[in-house]
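> coords below, sequence missing:
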């Protein structure tokens with residue numbers, strides 16, 4: 001419930017036009033290098049949306065509340081063979097370019113990296129720090145549509161991964177998306193969900 005509340009709050013602060021019609025996947029650590037691999041203070045998300053027909057956008061967000069964290073690389077395993085070359089859309093404070101270092105997703109997971117990206121300068125400089133994001137706008141193959149992309153991510157034919165570094169205990173973790181997606185509702189629905197969630201939280205606090 002706490003993780004869902006965090007996602008709803010995250011939806012509330014997204015620009016309305018960007019949020020509508022997409023889905024959000026959690027990107028969770030699969031390594032165990034420190035105290036933050038299973039901590040709710042480390043929250044990495046990828047927002048998948050369709051800006052226009054024939055294009056899909058993957059926006060990696062670092063919504064962590066830990067004292068420090070930085071996404072130092074993102075990785076795609078496109079088993080669907082559906083994605084063309086992306087255009088990178090760097091958010092404020094982020095400067096990613098094609099090609100991550102290291103070029104392959106680490107951590108020992110079977111993952112065929114078909115595309116990667118990372119900061120221009122040595123991370124955590126220009127990485128995706130807490131409250132920041134980076135987007136990747138891909139053209140898609142003509143034989144797939146947005147629903148196919150989402151289905152492929154849910155059945156793990158298409159996966160995304162991340163390398164998060166500079167955690168407060170000095171550790172770093174490798175992460176990959178989990179198959180359970182959260183649909184991003186229309187703006188009015190977001191407002192109702194967030195408001196309702198806040199009322200529920202307030203009610204529980206009162207009765208505690």
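Alright, I've got the coordinates. Since we're looking at a predicted model, the values are computed, not measured.
> how far does the longest strand along the chain sit from its chain's centre?
Longest strand in the chain, counting residues (DSSP state E): strand 173-183. Chain-centre distance of strand 173-183: 8 Å, with C-alpha atoms, centre = their mean, to the nearest Å.
> which other helices and strands contact it?
If you count contacts as 3 or more C-beta pairs under 8 Å, 6 or more residues apart in numbering; DSSP states H and E, strand 173-183 packs onto strand 23-29, strand 44-49, helix 146-154, strand 158-165. Glycine gets a C-beta too; all of them are placed from N, C-alpha and C.
> quick one, which of the ones you listed gets closest to residue 119.
strand 158-165 (10.4 Å; C-beta to C-beta).
> what strands line up against that closest one, and which way round?
According to DSSP bridges, strand 158-165 forms sheet pairs with strand 70-78 (antiparallel), strand 173-183 (antiparallel).
> still on that earlier bit, any idea which of the helices and strands packed on strand 173-183 is most buried?
Highest mean neighbour count among the helices and strands packed on strand 173-183 (mean count of other C-beta atoms under 10 Å): strand 158-165, with a mean of 24.
> quick revisit: and among the strands paired with strand 158-165, the most buried is which?
Ranked by average neighbour count under the criterion mean count of other C-beta under 10 Å, those are headed by strand 70-78 at a mean of 24.
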